[in-house]
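**Q** structure for this input, please:
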Amino acid sequence: MKILLVQPPHWSPDGHANFDAIEELVRSAEGDVLLLPELAGSSLPRADYLARVRALAEGSGMAVVGGSHYDGAVNRGAVFDAGGGLLLEYDKVHPYGLELRSGVLPGRPSGGFELAGRRLHVLLCADLWYSASLAGHESLDAVLVPAFSVTRWDGPAPARELWQHMSVARAYEFMTYVAVSDWHHETTYLGHPCAGVTGFANPCPETHSGFFTGPPDAAVSAYELDFDRLDAFRHDRAERGFR
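**A** This is a model prediction of the structure:
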(Lines give C-alpha, C1' and ligand atoms only; values in the text may rest on other atoms or scores of the structure.)
Protein backbone atom coordinates (compact mmCIF):
# COMPACT_ATOMS: atom_id res chain seq x y z
CA MET A 1 0.00 0.00 0.00
CA LYS A 2 1.36 3.39 -1.01
CA ILE A 3 0.53 6.44 1.10
CA LEU A 4 1.02 10.03 -0.01
CA LEU A 5 1.65 12.73 2.59
CA VAL A 6 0.57 16.24 1.61
CA GLN A 7 2.43 19.25 3.02
CA PRO A 8 0.91 22.37 1.41
CA PRO A 9 3.02 25.54 1.47
CA HIS A 10 0.28 27.80 2.86
CA TRP A 11 -2.88 27.53 4.94
CA SER A 12 -5.91 29.69 4.18
CA PRO A 13 -8.93 30.39 6.39
CA ASP A 14 -10.88 29.67 3.19
CA GLY A 15 -11.25 25.89 3.10
CA HIS A 16 -12.16 25.90 -0.58
CA ALA A 17 -8.84 27.64 -1.35
CA ASN A 18 -6.98 24.93 0.58
CA PHE A 19 -8.70 22.13 -1.32
CA ASP A 20 -8.11 23.89 -4.63
CA ALA A 21 -4.38 24.08 -3.82
CA ILE A 22 -4.25 20.45 -2.66
CA GLU A 23 -6.00 19.24 -5.81
CA GLU A 24 -3.35 21.00 -7.87
CA LEU A 25 -0.52 19.51 -5.80
CA VAL A 26 -1.75 15.91 -6.24
CA ARG A 27 -2.97 16.22 -9.82
CA SER A 28 -0.35 13.82 -11.21
CA ALA A 29 0.26 11.81 -8.03
CA GLU A 30 -0.48 8.09 -7.75
CA GLY A 31 -1.02 5.98 -4.68
CA ASP A 32 -3.57 4.19 -2.53
CA VAL A 33 -4.10 6.62 0.36
CA LEU A 34 -3.85 10.41 0.43
CA LEU A 35 -3.34 12.00 3.87
CA LEU A 36 -4.20 15.70 4.23
CA PRO A 37 -3.15 17.99 7.09
CA GLU A 38 -5.41 19.15 9.89
CA LEU A 39 -7.87 21.97 9.11
CA ALA A 40 -7.57 21.56 5.35
CA GLY A 41 -11.26 22.42 5.38
CA SER A 42 -10.87 25.30 7.83
CA SER A 43 -14.44 26.26 8.82
CA LEU A 44 -16.28 25.01 5.75
CA PRO A 45 -19.90 23.96 6.36
CA ARG A 46 -20.12 20.22 6.89
CA ALA A 47 -21.78 19.53 3.55
CA ASP A 48 -19.15 21.53 1.66
CA TYR A 49 -16.28 19.84 3.48
CA LEU A 50 -17.61 16.34 2.82
CA ALA A 51 -18.23 17.19 -0.83
CA ARG A 52 -14.64 18.41 -1.28
CA VAL A 53 -13.10 15.31 0.33
CA ARG A 54 -15.36 13.01 -1.71
CA ALA A 55 -14.51 14.84 -4.95
CA LEU A 56 -10.78 14.63 -4.19
CA ALA A 57 -11.07 10.88 -3.59
CA GLU A 58 -13.01 10.29 -6.79
CA GLY A 59 -10.77 12.58 -8.83
CA SER A 60 -7.49 11.16 -7.56
CA GLY A 61 -8.55 7.50 -7.51
CA MET A 62 -7.26 7.19 -3.94
CA ALA A 63 -8.76 6.86 -0.50
CA VAL A 64 -8.52 10.31 1.11
CA VAL A 65 -8.07 11.09 4.80
CA GLY A 66 -9.43 14.61 4.56
CA GLY A 67 -7.56 16.41 7.32
CA SER A 68 -10.34 18.15 9.24
CA HIS A 69 -12.55 21.21 9.58
CA TYR A 70 -14.45 22.92 12.37
CA ASP A 71 -17.93 21.46 12.41
CA GLY A 72 -19.42 23.90 14.88
CA ALA A 73 -17.33 23.59 18.05
CA VAL A 74 -15.74 20.21 17.14
CA ASN A 75 -12.62 19.59 15.05
CA ARG A 76 -13.78 16.79 12.75
CA GLY A 77 -12.73 14.96 9.58
CA ALA A 78 -13.74 12.20 7.19
CA VAL A 79 -12.28 9.41 5.04
CA PHE A 80 -13.67 8.52 1.61
CA ASP A 81 -12.63 5.62 -0.59
CA ALA A 82 -11.63 6.02 -4.24
CA GLY A 83 -15.21 5.44 -5.35
CA GLY A 84 -16.57 8.22 -3.16
CA GLY A 85 -17.89 6.01 -0.37
CA LEU A 86 -17.68 7.31 3.20
CA LEU A 87 -15.41 5.03 5.26
CA LEU A 88 -15.06 6.95 8.51
CA GLU A 89 -15.82 10.15 10.36
CA TYR A 90 -13.41 11.04 13.15
CA ASP A 91 -13.10 13.79 15.79
CA LYS A 92 -10.26 15.44 17.67
CA VAL A 93 -10.55 14.14 21.22
CA HIS A 94 -7.97 16.46 22.79
CA PRO A 95 -8.28 20.08 21.63
CA TYR A 96 -5.02 21.88 22.26
CA GLY A 97 -3.76 25.39 23.04
CA LEU A 98 -5.50 27.94 20.85
CA GLU A 99 -8.44 25.59 20.38
CA LEU A 100 -9.13 25.33 24.08
CA ARG A 101 -9.00 29.10 24.47
CA SER A 102 -11.40 29.57 21.55
CA GLY A 103 -14.00 27.12 22.86
CA VAL A 104 -13.34 24.03 20.71
CA LEU A 105 -14.90 21.00 22.40
CA PRO A 106 -13.53 17.44 22.70
CA GLY A 107 -14.96 15.02 20.15
CA ARG A 108 -15.56 11.29 20.35
CA PRO A 109 -12.96 8.58 19.66
CA SER A 110 -13.35 6.78 16.34
CA GLY A 111 -13.06 3.10 15.54
CA GLY A 112 -10.81 3.38 12.48
CA PHE A 113 -11.49 1.83 9.08
CA GLU A 114 -10.41 -1.02 6.82
CA LEU A 115 -8.83 -0.70 3.39
CA ALA A 116 -7.67 -3.64 1.28
CA GLY A 117 -7.99 -5.90 4.31
CA ARG A 118 -5.80 -3.71 6.52
CA ARG A 119 -6.81 -1.81 9.66
CA LEU A 120 -6.08 1.92 9.62
CA HIS A 121 -6.69 4.43 12.39
CA VAL A 122 -6.85 8.24 12.31
CA LEU A 123 -5.67 10.49 15.16
CA LEU A 124 -6.02 14.24 14.79
CA CYS A 125 -2.79 16.05 15.68
CA ALA A 126 -2.43 16.22 19.50
CA ASP A 127 -4.38 12.97 19.91
CA LEU A 128 -1.18 11.14 18.92
CA TRP A 129 0.37 12.33 22.20
CA TYR A 130 -2.04 10.23 24.24
CA SER A 131 -1.19 6.53 24.15
CA ALA A 132 -4.69 5.79 25.43
CA SER A 133 -5.91 6.87 21.99
CA LEU A 134 -4.57 3.57 20.65
CA ALA A 135 -5.18 1.33 23.63
CA GLY A 136 -7.57 -1.48 22.82
CA HIS A 137 -6.98 -1.23 19.08
CA GLU A 138 -5.03 -4.41 18.42
CA SER A 139 -2.94 -5.08 15.30
CA LEU A 140 -3.37 -1.69 13.67
CA ASP A 141 -1.53 -1.62 10.36
CA ALA A 142 -1.13 2.16 10.18
CA VAL A 143 -1.93 5.24 12.22
CA LEU A 144 -2.64 8.29 10.06
CA VAL A 145 -2.20 11.72 11.65
CA PRO A 146 -3.46 14.96 10.10
CA ALA A 147 -1.53 17.70 11.95
CA PHE A 148 -1.21 21.46 12.29
CA SER A 149 1.83 21.67 14.54
CA VAL A 150 1.47 25.17 15.99
CA THR A 151 4.51 25.71 18.18
CA ARG A 152 5.70 28.16 20.82
CA TRP A 153 9.36 27.29 20.21
CA ASP A 154 11.67 29.77 18.51
CA GLY A 155 11.95 27.89 15.23
CA PRO A 156 10.63 24.52 14.04
CA ALA A 157 13.51 22.22 15.09
CA PRO A 158 12.47 21.41 18.71
CA ALA A 159 8.88 20.55 17.81
CA ARG A 160 10.07 18.43 14.90
CA GLU A 161 12.33 16.41 17.17
CA LEU A 162 9.52 15.86 19.66
CA TRP A 163 7.11 14.75 16.92
CA GLN A 164 9.71 12.42 15.47
CA HIS A 165 10.37 10.79 18.84
CA MET A 166 6.67 10.51 19.61
CA SER A 167 5.87 9.02 16.19
CA VAL A 168 8.62 6.41 16.50
CA ALA A 169 7.57 5.57 20.07
CA ARG A 170 3.97 5.00 19.00
CA ALA A 171 5.08 2.99 15.96
CA TYR A 172 7.30 0.69 18.01
CA GLU A 173 4.99 0.32 21.01
CA PHE A 174 1.93 -0.51 18.92
CA MET A 175 3.85 -2.27 16.11
CA THR A 176 2.35 -0.14 13.37
CA TYR A 177 3.31 2.45 10.79
CA VAL A 178 2.70 6.10 11.73
CA ALA A 179 2.28 8.73 9.00
CA VAL A 180 1.94 12.46 9.71
CA SER A 181 0.85 15.17 7.27
CA ASP A 182 1.40 18.77 8.37
CA TRP A 183 1.57 22.22 6.82
CA HIS A 184 4.92 23.67 5.71
CA HIS A 185 6.89 25.25 8.53
CA GLU A 186 6.48 28.75 7.07
CA THR A 187 2.71 28.49 7.51
CA THR A 188 1.02 30.34 10.37
CA TYR A 189 -2.31 29.86 12.12
CA LEU A 190 -3.79 32.98 13.73
CA GLY A 191 -0.29 34.44 13.88
CA HIS A 192 1.33 31.35 15.41
CA PRO A 193 4.03 29.46 13.45
CA CYS A 194 3.80 25.85 12.29
CA ALA A 195 6.73 23.44 12.80
CA GLY A 196 6.27 21.38 9.62
CA VAL A 197 6.43 17.88 11.12
CA THR A 198 5.37 15.83 8.08
CA GLY A 199 7.03 12.41 8.10
CA PHE A 200 6.81 8.64 8.39
CA ALA A 201 7.69 6.39 11.33
CA ASN A 202 8.61 2.77 10.61
CA PRO A 203 8.86 0.31 13.53
CA CYS A 204 10.87 -2.22 11.50
CA PRO A 205 13.28 -0.37 9.16
CA GLU A 206 16.14 -2.10 7.41
CA THR A 207 18.66 0.27 9.07
CA HIS A 208 18.61 2.37 12.24
CA SER A 209 18.34 5.56 10.19
CA GLY A 210 14.95 4.49 8.87
CA PHE A 211 12.88 4.77 12.04
CA PHE A 212 11.68 8.22 10.92
CA THR A 213 11.83 9.82 7.49
CA GLY A 214 11.01 13.49 7.08
CA PRO A 215 10.15 16.23 6.92
CA PRO A 216 10.27 16.09 3.12
CA ASP A 217 11.17 19.05 0.96
CA ALA A 218 8.44 18.19 -1.50
CA ALA A 219 4.82 19.21 -0.97
CA VAL A 220 3.83 15.59 -1.67
CA SER A 221 5.91 12.60 -0.54
CA ALA A 222 5.25 8.87 -0.93
CA TYR A 223 5.88 5.92 1.37
CA GLU A 224 5.31 2.20 0.88
CA LEU A 225 3.59 0.32 3.70
CA ASP A 226 5.25 -3.10 3.62
CA PHE A 227 2.71 -5.17 5.51
CA ASP A 228 4.55 -8.46 5.01
CA ARG A 229 7.55 -6.97 6.78
CA LEU A 230 5.30 -5.54 9.51
CA ASP A 231 3.65 -8.92 10.07
CA ALA A 232 7.07 -10.57 10.33
CA PHE A 233 8.15 -7.92 12.84
CA ARG A 234 5.10 -8.60 14.98
CA HIS A 235 5.73 -12.35 14.87
CA ASP A 236 9.34 -11.82 15.93
CA ARG A 237 8.30 -9.53 18.77
CA ALA A 238 5.84 -12.15 20.02
CA GLU A 239 8.46 -14.89 19.79
CA ARG A 240 10.80 -12.79 21.93
CA GLY A 241 8.14 -12.17 24.56
CA PHE A 242 7.10 -8.62 23.65
CA ARG A 243 3.33 -8.86 23.86
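**Q** helices or strands up against the lengthiest helix in the chain?
**A** With secondary structure taken from DSSP state H, the chain has its longest helix at helix 157-174. Counting contacts by 3 or more Cβ pairs under 8 Å, 6 or more residues apart in numbering; DSSP states H and E, helix 157-174 packs against strand 142-146, strand 177-181, strand 199-201, strand 212-213. The way it works is simple: take the backbone N, C-alpha and C, and place the C-beta from them, glycine included.
**Q** name the strands paired with the shortest one and say parallel or antiparallel.
**A** Strand 212-213 sits in its sheet next to strand 199-201 (antiparallel), going by DSSP bridges.
**Q** quick one: pLDDT of residue 243?
**A** For residue 243, the pLDDT comes out at 67.
**Q** same question, residue 154
**A** pLDDT at residue 154 comes out at 89.
**Q** for it, give me phi and psi.
**A** Per-residue torsions, residue 154: phi -80, psi 90 (degrees, to the nearest 10).
**Q** dump the residue contacts of the most centrally placed residue in the chain.
**A** Closest to where the C-alpha atoms of the chain average out (Cα atoms, centre = their mean) is residue 145, at 2.3 Å. Applying Cβ atoms under 8 Å, 6 or more residues apart in numbering to residue 145 gives the contacts 35, 122, 123, 124, 125, 127, 128, 167, 178, 179, 180, 181.
**Q** between those residues, which is nearest residue 193?
**A** Ranked by distance to residue 193 (Cβ to Cβ), those are led by residue 125 at 15.2 Å.
**Q** how far away is that closest one from residue 30?
**A** From residue 125 over to residue 30 the distance is 27 Å, taken as Cβ to Cβ, to the nearest Å.
**Q** in the chain, which spans are helices?
**A** Here the chain has its helices, by DSSP H, at 15-25, 46-60, 98-101, 157-174, 227-239.
**Q** okay, those helices in TSV with mean neighbour count and mean pLDDT next?
**A** Shown next, in TSV, are the helices of the chain (neighbours: other Cβ atoms under 10 Å; pLDDT from 0 to 100):
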stretch	mean neighbour count	mean pLDDT
helix 15-25	18	98
helix 46-60	18	98
helix 98-101	14	90
helix 157-174	19	96
helix 227-239	13	93
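**Q** in a markdown table, list these along with distance to residue 195.
**A** Shown next, in a markdown table, are the helices of the chain (distance: least, Cβ to Cβ, whole Å):
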| stretch | distance to residue 195 |
| --- | --- |
| helix 15-25 | 19 |
| helix 46-60 | 25 |
| helix 98-101 | 14 |
| helix 157-174 | 4 |
| helix 227-239 | 28 |
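**Q** out of the ones you listed, the one nearest residue 111 is which?
**A** Closest to residue 111 of those, according to Cβ to Cβ: helix 157-174, at 15.6 Å.
**Q** between the closest one and strand 177-181, how many degrees?
**A** Calculated by axes from the mean of the first three to the mean of the last three Cα atoms, to 10 degrees, helix 157-174 forms an angle of 150 degrees with strand 177-181.
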